[in-house]
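# Kindly generate the corresponding structure for this input.
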Amino acid sequence: MKSVLSLPEFPRISHHEFVIARKEAMAAALQLRLTQALNKQHVTALRSLNVVVSDGEVTISGDVDSFYLRQIAVSVCLNTWGLIKLIDRIEVRSE
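Numbering: from 1, shown residues only. Here you go, the predicted structure:
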């Protein structure tokens, strides 16, 4: 006797819902790449920066101790694949 396996019923999604889900997945992947790229730098201050991705636009924010560190963070982001637009909200702490 053969047993027949049936696949579970998955809810059908519209094309619009699929596009939204795909954009969200791509944004999450870009955010992960940016976070990993910042973490690979040998500067611990860059690890505390906030990275938010929406429709390929990246907003990076937080505080660093110098303009040099800000420049490194921006450069790392600009050299990450998938970036369309970078919004720099990094503040340099004044001493």
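
# Next, the buried residues of the biggest helix by length in the chain.
For the chain, the longest helix by residue count, based on DSSP state H, is helix 15-40. Using 16 or more other Cβ atoms under 10 Å as the test for burial, helix 15-40 gives 27, 30-31, 33-35, 37-38. Where C-beta positions appear, they are placed from N, C-alpha and C, glycine not excepted.

# Ser61: neighbouring residues, count only.
Ser61 has 13 neighbouring residues, counting by other Cβ atoms under 10 Å.

# Could I get the pLDDT score of it?
Looking at Ser61, its pLDDT is 97.

# Lys2 now?
Value for Lys2, per-residue pLDDT: 68.

# just the one 4 residues further on next, same as before
In the prediction, the pLDDT value recorded for Ser6 is 71.

# Which of the helices or strands spans Ser61?
In the assignment (DSSP states H and E), Ser61 maps to strand 57-64.

# which helices and strands does that strand pack with?
helix 15-40, strand 50-54, helix 67-78, strand 85-92 (3 or more Cβ pairs under 8 Å, 6 or more residues apart in numbering; DSSP states H and E).
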